[in-house]
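Peer 1: Coordinates only, no sequence provided:
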């Protein structure tokens, strides 16, 4: 599995190719509040987990 470099809360970190933003944040000890996420299922309907990617708001993907 490949690695990609991303900026997370202003810090450059390494993510696994295909890793969700939520999983990455948790791995680095950054809490992103969620109401509807359970391991293996991500609904996203509450929109509390919205993050900014390149200036655009996105659900954790």
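Peer 2: Arrived safely, thanks for sending. Since this is a predicted model, take the numbers as computed values, not measurements.
Peer 1: Can you name the residues bridging to residue 16?
Peer 2: Beta-bridge pairing of residue 16 under DSSP bridges involves residue 3.
Peer 1: What does residue 30 show for phi and psi?
Peer 2: The phi/psi pair for residue 30 (degrees, to the nearest 10) reads phi -100, psi 120.
Peer 1: if I pick residue 28, what's in contact with it?
Peer 2: 8, 11, 13 (C-beta atoms under 8 Å, 6 or more residues apart in numbering). For glycine as for every other residue, the C-beta is placed from the backbone atoms N, C-alpha and C.
Peer 1: Nearest to residue 21, out of these: which one, please.
Peer 2: Within those, proximity to residue 21 (C-beta to C-beta) peaks at residue 8, which comes in at 8.0 Å.
Peer 1: What is the burial count for the closest one?
Peer 2: By other C-beta atoms under 10 Å, 16 other residues sit near residue 8.
Peer 1: Show me what the helix or strand hosting residue 14 is packed up against.
Peer 2: Assigned by DSSP states H and E, residue 14 belongs to strand 11-16. For strand 11-16, the packing partners by 3 or more C-beta pairs under 8 Å, 6 or more residues apart in numbering; DSSP states H and E come out as strand 3-8.
Peer 1: follow-up on the earlier one: and the contacts of residue 28 as a markdown table, adding distance to residue 57 and pLDDT?
Peer 2: What follows is the contacts of residue 28, written out as a markdown table (distance: C-beta to C-beta, whole Å; pLDDT from 0 to 100):
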| residue | distance to residue 57 | pLDDT |
| --- | --- | --- |
| 8 | 16 | 88 |
| 11 | 20 | 92 |
| 13 | 20 | 95 |
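Peer 1: Nearest to residue 25 among those?
Peer 2: Relative to residue 25, the closest of the contacts of residue 28 is residue 8; by C-beta to C-beta it sits at 6.4 Å.
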